[in-house]
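Colleague: predicted model, plus sequence, below.
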Amino acid sequence: MSGKAQDPSTDLFRVRLVMLLHVKMYIGILLYCLLLTESLRGIVLLILLVVVNSLSFMRACLTDPGRVNRKAHHKYLPDVVTFGRGISTQICTNKSGDWIRAIRIDGTEYEEKYCLECNLFRIAGMSHCRECDRCVLDMDHHCVWFGNCIGRNNIRHFHIYLYTLVAVILMNAALFYSLLAMYPGQGTFPALALRILAFALATLYTVFFSIIFLFAMFNIYVALNSSTSREFIKNGTGSRQLDIKKACRNLSRLRPDISFDQPSV
C-alpha cells in the first residue's frame with residue numbers, strides 16, 4: 001500500500017495560506033511596537049519573539065522528523081533466536097494474523113508490530129504516517145500546518161513554535177482591543193467601519209488564542225506524562241508516574257536522541 005499522493009496545487013495553496021497568516025501576525029506585532037510600546041526593551045523582546053517563532057516554524061517544517069529507511073522486501077520467517085541466558089526473540093503471527101516480534105528479557109516480554117508498508121518491525125514509539133508513507137520515530141502527529149510529521153527530531157522546534165505562537169496571537173488580539181479603546185467612533189461611516197473591522201479581528205484573534213492556548217496546554221500535559229499525542233489519544237496515560245526530570249526534557253527536547261535517518265530494523 002502506498003501513502004496518499006499530495007496534490008501540488010493543494011500543497012502550494014497551503015504554503016501560501018500559512019505564509020500569509022504569518023505575515024499578517026508579524027505585521028500586527030510591528031504595529032503593536034509602533035503604536036503601543038514605549039520602551040526599547042519591549043520592542044526588542046517583541047522582535048525577538050517574532051524571530052524565534054519564525055525560525056522554529058522553519059526548523060519544524062524542514063527538519064526530518066525521524067523517518068526510518070524502509071526495506072524493499074519482506075524477508076522474515078517464523079523463528080526463535082536465543083542470544084543468551086534469558087534473552088530471546090520470536091517472530092510469529094498473533095491471533096489477528098499480524099506479524100509480530102516478541103523480545104523476551106529475563107521473563108519480561110516486549111512486542112514489536114510489523115509494518116507492511118515499510119517491511120520492518122516497529123520499535124516502541126515508531127508509527128507509520130499515511131501522508132508521508134514512512135515510519136517515523138516517536139511520531140507525535142502529522143501536521144498539515146507544517147506539511148511535515150512531528151517526530152523525535154523536530155518536536156522540540158514544534159514546542160517552541162507553539163509556545164511563541166500563543167504569545168504572538170495574544171499580542172495581535174491586544175493590539176485590536178487597544179485600538180478600540182484608543183480611537184472611539186465619532187459617528188462617521190469610515191470610523192464606524194474601522195471599529196467594526198477592529199472588533200471583528202480582535203474577536204477572531206481571541207478565538208484563535210483560545211484554541212492554540214488549549215492545544216499548547218494539551219501538549220504540555222502530554223509531555224509531562226512522558227508520552228506523545230498519538231500515544232495519549234490511543235492509550236491515555238496508563239499507570240505512568242510523573243518524572244519531573246524526564247518531563248522537563250520532554251517539554252524542551254533540546255537534546256534529541258538522534259540526528260539522522262535511522263536504518264531499518
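Modeller: Received the coordinates, thanks.
Colleague: buried ones in the longest helix along the chain?
Modeller: The helix spanning the most residues in the chain, taking DSSP state H as the definition, is helix 189-224. Judged by neighbour count (16 or more other C-beta atoms under 10 Å), helix 189-224 contains these buried residues: 195, 198, 201-202, 205-206, 208-209, 212, 219-220, 222-224. The way it works is simple: take the backbone N, C-alpha and C, and place the C-beta from them, glycine included.
Colleague: can you list contacts of the very next helix or strand once past it?
Modeller: Using DSSP states H and E, the helix or strand that directly follows helix 189-224 along the chain is helix 229-235. Residues outside helix 229-235 that contact it (C-beta atoms under 8 Å, 6 or more residues apart in numbering) are 125, 127, 139-141, 218-219, 222, 225.
Colleague: average pLDDT for helix 229-235?
Modeller: For helix 229-235, mean pLDDT rounds to 81.
Colleague: same deal with stretch 209-217?
Modeller: 95.
Colleague: and that stretch, C-alpha only, in PDB?
Modeller: What follows is stretch 209-217, C-alpha atoms only, in PDB (Å, rounded to 0.1, in the frame of the first residue of the first chain):
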ATOM      1  CA  PHE A 209      -5.800  32.300  21.000                       C
ATOM      2  CA  SER A 210      -8.200  30.100  22.900                       C
ATOM      3  CA  ILE A 211      -7.800  27.200  20.500                       C
ATOM      4  CA  ILE A 212      -3.900  27.500  20.300                       C
ATOM      5  CA  PHE A 213      -3.700  28.000  24.100                       C
ATOM      6  CA  LEU A 214      -5.700  24.900  24.900                       C
ATOM      7  CA  PHE A 215      -3.700  22.900  22.300                       C
ATOM      8  CA  ALA A 216      -0.400  24.100  24.000                       C
ATOM      9  CA  MET A 217      -1.800  23.100  27.400                       C
END
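Colleague: now do that stretch: distance to the chain's middle.
Modeller: Mean-position distance between stretch 209-217 and its chain equals 13 Å (C-alpha atoms, centre = their mean, to the nearest Å).
Colleague: with stretch 93-110 instead?
Modeller: 30 Å.
Colleague: and it, what's buried?
Modeller: 99, 101, 103.
Colleague: please apply the same query to stretch 112-128.
Modeller: 112-115, 118, 120-123, 125-128.
Colleague: got it, and stretch 29-45?
Modeller: Buried, per 16+ other C-beta under 10 Å, within stretch 29-45: 29, 31-33, 37, 43.
Colleague: from these, which is closest to Phe158?
Modeller: Ile29 (20.7 Å; C-beta to C-beta).
Colleague: without its sequence neighbours, what residue ends up closest to Phe199?
Modeller: Nearest residue to Phe199 in three dimensions, chain neighbours excluded: Leu180, at 6.2 Å (C-beta to C-beta, 6 or more residues apart in numbering).
Colleague: ok, Thr37 next?
Modeller: In this structure, Thr37 finds its nearest non-sequential neighbour in Ile43, 5.2 Å apart by C-beta to C-beta, 6+ apart.
Colleague: doesn't Cys33 make contact with that neighbour?
Modeller: Yes - between Ile43 and Cys33 there is a contact under C-beta atoms under 8 Å: 4.9 Å.
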